[in-house]
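Undergrad: structure, please.
(chains A, B and C)
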Amino acid sequence: MSQKFEEKPGEGTVKLRVRRGVGSDPATDRFDEFVVPMEKGMVVLNAIHYIQAHLDPSLSARWNCKAGRCGSCSAEINGRPRLMCKTPVESIEGDVVVEPMKAFPRLKDIVTDVDANWKVAAMIPPFTPKPGAGEIFRFYQQDVDRSREFRRCIECFLCQDVCHVVREHEADYVGPRWVVKAASLDMHPMDGLNRSKFMKDKGGLGYCNITKCCQEICPEHIVITDDAIIPEKERVVDREYDPLVWVYRHLRGSKEAEAQSFRATGGAP
Amino acid sequence: MGLRSDWKYLLPYELLEPNWRLWSFVAVLAVGFWAVVAFPVAQFAGYIDPFYSPTVLIVPLPGVFRLTCYAYRKDYHRHLFKHPQGCSNADRGEAAGRKYTGERNAVFQLENFHRYFLYAGIAILPFFYYDFGYSLVYSGQFVLRLGSLVLLANALMLTGWTLSCHAFRHLVGGNIDCYSCVAAGNARKGIYDKQSWLNSHHEALAWISLLTIVFVDLYLRGLAAGLPIDVTFLRF
Amino acid sequence: MWSSKSERVEVKVDEKSFEEKVCDVLVIGGGGAGLRAAIEAHDKKANTLVVCKSLLGKAHTVMAEGGIAAALGNVDPEDGWQVHFSDTIVEGQYLSNWRMAEIFAKEAIERVYELERYGALFDRTPEGKISQRPFGAHTYRRLCHIGDRTGLELIRTLEDQVIARGIPFMDEVMVTSIIKDGGGGRAAAALGIDIRTGMLILFRFKAVILATGGCGKVYEVTSNSYESTGDGVSMAYRAGAELMDMEMIQFHPTGMIYPAGVRGMLVTEAVRGEGGILTNAKGERFMTKYDPKRMELSARDVVARAIYSEIVAGRGTKNGAVYLDISHRGADYIKKKLPSMYDQFLEFAGVDITKERMEVAPTVHYQMGGVRVDPETGETSVRGIYAAGEVASGLHGGNRLGGNSLSDILVFGRRAGGAAADVAAGMDVPEFDRKELESEVGRVLSPFSSAGNANPFYLKEAIAKNMWKHVGIMRNEADLTAGLKELEAISTEARKSKAVGARAYNQSWLDTLQVWDMILVSEAIIRSALERKESRGAHTRSDFPEKSEEWLMNIITVQKGEKMTHELRPVPKLPPELAALIKE
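TA: Take a look at the predicted model:
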């Protein structure tokens, strides 16, 4: 049913090359070409919808809010991890090439299985109010700002996709998304856990080599490396490397509880 | 195949990616070493060359400070080790299959002592201002010359780079989770916010400060070679 | 950590085989209501399973922006649950169930503090308390907020709690129907599709909680997500449950209109809460005509009708919208308080709202009606089926106040979870009706063997266009009847809808099933709208423009045989001590 491109597209059209295939089966892996009418302000997801409704209903694509809020429609567009709903077709020179995220196993066409993230999420020690925080917390706006940035995360997992440690080495590193999560908890003004030892030993924070691709592609413009990963690394230094901090902590007596790996359950029963 | 909105793609990749900073750093290290050893121009006409400030003995400290700097780490991991070279599929190079340990092996764990080199870096900073001050008095007179301004610019850029350091950010307030729970929390949050602004320019400052050092060195060498490039603005 | 590849990718699916999963409490829906219900049921020691149609954490709750309404009185100490109760009843045009509103107003307060203890980071007052902002038709400043991303924070916080507790969940599973026990009196199982593999799953349970959200996608211009296709309402109706007030569809006054790809995308009420001003194309601040007292912060139905009237009268912009302006608050303030709106307009429309005006028009936002539930427990009229959140009806009456839905999902999600767990503790897993299951499996798989060739994606568009055209803000008998007629034509076509390809991640299959649900829900909306011969709240009839005392009725929709029937039931009368709290 897929339409093969034969003539040059006219003024008001755009050509899409969409990567198709089922699971990891190489026999089904291919690019299909579609020609879609251009509309002003159209995003790549609109083009995918047009294909489904008018050209090929067998095309699978995950999407939900269509407003850049839910993080479902992650894909690699012309080689760059992006949200389909936030990528204007007009911004792309030449054909639009849509591929699935490569860090995750493909389910079908441009839909990938991001389940592994939930297993990692379950390892992160959860929010634990510090002793004496009370039933109704009292803290101030200046305490909120830092952790707030990380709460913009829509879990599109594009940072996980672009991270070479996850993507190319499959190393035991939680990945940018989950460092951001740990940072959002560590920097919560009422949280009583210290996740540094966990981040070093189980979280694999040392695998990150600050090459900042996650920060470059984050659709929510979270400054992942500078604001989350590096501060987490500095906290690991405090906890595990710096002799002066070690002496200071032992003289003063540490108030923070040590958090180790939480659990490795959750996900599908 | 590029994205039109990404102006980066309009220019050759090599021009914009920060590996220039890395290569210039390597070049500066090499030239610096060569210059110090082979053609010392430690001081000329009342100017002190930054390579000799305060003494040649501590040159390695700023060098290691740069080596362990988060900005330079990005550079050599991308462009030397190519883990990964770039972020888009076309640029990232082939990394899969090659062994990768990140910053976890014995050598790279030393990166974790970056903050100690920061302390050294901060300790050295006053000397650059001393050099500036020193250059203002020449042959018994107070003079303001172009060379002094160059030295001042260099000192300022080095200060900017040093104080925009991520480890410094951690020190001035990044290590606090609840500002209202600690003494002088609001003041520390204020300092932290200002430092954060500076920190967001850390990569740029890392390069600019490197270039200014080289520029000062070249400027002095030019003077030593007799080029008429110095201008005197004031003399008392 | 990343080397273990997904097991699901390689699953081979046989024709009619299915997996069986047994639990005490099945929660259908992974939004705020579903997750809060799951937490409560789990904490009450019930063996709980959450299934949701999208990925975990993507449910429509993420789209909630402005805040969560609860009378904490942090900013306005005069506020209390009594005032919140009164606001809810009055602006619900007296259609709300008083007991639900009472429970809601009282318990919302504790739910907000609880959310904070779960780790949500609310904006603060200068005294370090949770900050509260003004919102349409709330007497006092009442909306606790996290910038303009309150829903995202709420769902992420609950998601963390679910994961931390180790509550099992299966995302990307679409439940299609509820199967009763042999006697037909109690729900016993549910049939679902594992979207990723196409495998059928039979969930057996002691109690099931519907937390499936609304049905905004039956309209063309809507702020709703892909998922909001009314599956829960349809499932409950097919299982024999009573629906209530289905004609009550909220039109949010401000949605984006331009560019076409994002038409309907929500522009949060917080823009008006923070001082945004509405003007028509002639530059007149038209709200002075419609509600001079509350102006832009009037109730949603009032503002939506006002904007609609301005556009219809030709005082709209050339894109068919009005202007909303917040630029006078200054760039810093806007970026701090409305960061998402700033990004949204800049990225999608190229409009800098710190300098320029926005163009806005009404968009379908919320379903006030839904499955009728018991106020205390959330149980529907079918034993064993509970409902909470947007899928349930009774709290919001004829018009929902902004911010009330986030507190609604927490209050009634928790109650439904608790009640379901209590019931489950005292019983065994009931046997299900095998005949019913067989016929349901047949129905679910039929799109693959369909003789026709109708495209479900196209049918979805057709349904949405029809509803927008005929069942919009202004309704009348002729339009509604025409809408019903066109719906019947679409329905005939939909029987020929075809699923193309294999079963794994087959959207033409899933969308066909959704199309059938959407048709059912659309029919319920149109028929209820025909039934209510007055104008009240969100339901405006140009042929019956007045509000009438006689119509203090809830319209009940229920299946009798194959037929959709309606019944009028008087709204329960407020007891005197609560009636005394009402202030108009």
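
Undergrad: neighbours around the closest residue in space to B:Ile229 that isn't next to it in sequence, how many?
TA: Once flanking residues are discounted, B:Ile229 sits nearest to B:Gly222: 5.4 Å by C-beta to C-beta, 6 or more residues apart in numbering or on different chains. (C-beta placed from N, C-alpha, C; glycine too.) Using other C-beta atoms under 10 Å in any protein chain shown, B:Gly222 is surrounded by 16 other residues.

Undergrad: rounded mean pLDDT for stretch C:352-370, please.
TA: Confidence for stretch C:352-370, expressed as mean pLDDT, is 96.

Undergrad: give the contact list for the residue of the stretch 51-200 of chain C found nearest chain B.
TA: Sorted by distance to chain B under C-beta to the nearest C-beta, the residues of the stretch 51-200 of chain C start with C:Gly128, at 7.0 Å. Residues in contact with C:Gly128, defined by C-beta atoms under 8 Å, 6 or more residues apart in numbering or on different chains, are A:Arg138, A:Phe139, A:Tyr140, B:Ser180.

Undergrad: which strand or helix spans it?
TA: Under the criterion DSSP states H and E, no helix or strand holds C:Gly128.

Undergrad: what's it sitting at in phi/psi?
TA: With angles defined as degrees, to the nearest 10, C:Gly128 sits at phi 90, psi 10.

Undergrad: need the per-residue pLDDT for it.
TA: Note on C:Gly128: pLDDT of 96.

Undergrad: the contacts of C:Gly128, buried ones only, as a PyMOL selection?
TA: Of the contacts of C:Gly128, the buried ones go into a single PyMOL selection, burial set by 16 or more other C-beta atoms under 10 Å in any protein chain shown:
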select buried, (chain A and resi 139+140) or (chain B and resi 180)
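
Undergrad: interface residues of the stretch 51-200 of chain A facing chain B?
TA: A:76, A:78-80, A:88, A:90-94, A:97, A:102, A:139-140, A:142-143, A:162, A:164-165, A:168-169, A:171, A:173, A:186-191 (C-beta under 8 Å from any C-beta of the partner chain).

Undergrad: which helices and strands sit right next to the helix ranked longest in chain C?
TA: Longest helix in chain C by number of residues, with DSSP state H as the criterion: helix C:507-531. The contact analysis (3 or more C-beta pairs under 8 Å, 6 or more residues apart in numbering or on different chains; DSSP states H and E) places helix C:507-531 against strand C:173-180, helix C:231-238, helix C:456-470, helix C:477-494, strand C:553-560, strand C:563-570.

Undergrad: run the last query once more with 6 Å
TA: Counting contacts by 3 or more C-beta pairs under 6 Å, 6 or more residues apart in numbering or on different chains; DSSP states H and E, helix C:507-531 is packed against helix C:231-238, helix C:456-470, helix C:477-494, strand C:553-560.

Undergrad: now C:Asp452. Nearest residue, chain neighbours left out?
TA: I think there's a mix-up here, since residue C:452 is Gly and not Asp. Take C:Gly452 and drop its neighbours on the chain: the residue closest to it by C-beta to C-beta, 6+ apart is C:Lys496, 2.2 Å away.

Undergrad: check the residue nearest the centre of chain B and give its pLDDT.
TA: Centroid check for chain B by C-alpha atoms, centre = their mean gives B:Ala206 as the closest residue, at 3.7 Å. For B:Ala206, the pLDDT comes out at 89.

Undergrad: need the contact list for the closest residue to it other than its chain neighbours.
TA: Leaving out its chain neighbours, the residue that sits closest to B:Ala206 by C-beta to C-beta, 6+ apart is B:Ala71, at 4.1 Å. Shown in contact with B:Ala71 (C-beta atoms under 6 Å, 6 or more residues apart in numbering or on different chains): B:His202, B:Glu203, B:Ala206.

Undergrad: work out for me the element the second one sits within.
TA: So that's B:Glu203. Using DSSP H and E, B:Glu203 sits within helix B:202-224.

Undergrad: contact partners of that helix?
TA: B:21, B:24-25, B:28, B:41, B:44, B:47, B:49-50, B:71, B:150, B:153-154, B:157-158, B:160-161, B:164, B:229-230.

Undergrad: now those residues: which count as buried?
TA: Buried members of the contacts of helix B:202-224, counted by 16+ other C-beta under 10 Å: B:21, B:25, B:28, B:41, B:44, B:47, B:49-50, B:71, B:150, B:153-154, B:157-158, B:160-161, B:164, B:230.

Undergrad: gap between the closest residue to chain C within chain B and chain A?
TA: Chain C sits closest to B:Ser180 of chain B, with a gap of 7.0 Å, by C-beta to the nearest C-beta. Look at B:Ser180 and chain A: by C-beta to the nearest C-beta, to the nearest Å, they are 5 Å apart.

Undergrad: and the pLDDT at whichever residue of the stretch 201-350 of chain C sits closest to chain B?
TA: For the stretch 201-350 of chain C and chain B, the shortest gap (C-beta to the nearest C-beta) falls at C:Glu347, measuring 10.7 Å. C:Glu347 is assigned a predicted lDDT (pLDDT) of 86.

Undergrad: related to what we said a few turns ago, let me have the contacts of B:Ala71 in a markdown table, extended by distance to C:Ala281.
TA: Below are the contacts of B:Ala71 laid out as a markdown table (distance: C-beta to C-beta, whole Å):
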| residue | distance to C:Ala281 |
| --- | --- |
| B:His202 | 48 |
| B:Glu203 | 47 |
| B:Ala206 | 52 |
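
Undergrad: phi, psi of A:Val96?
TA: The phi/psi pair for A:Val96 (degrees, to the nearest 10) is phi -100, psi 120.

Undergrad: right, and it touches A:Leu16 too?
TA: Yes: judged on C-beta atoms under 6 Å, A:Val96 makes contact with A:Leu16 at a distance of 4.7 Å.

Undergrad: buried residues in the helix holding B:Glu203?
TA: For helix B:202-224, by 16+ other C-beta under 10 Å, it's B:202-203, B:205-210, B:212-214, B:216-217, B:219-220, B:222-223.

Undergrad: how far does it sit from the chain's center?
TA: Its chain's C-alpha centre and that of helix B:202-224 lie 10 Å apart, by C-alpha atoms, centre = their mean, to the nearest Å.
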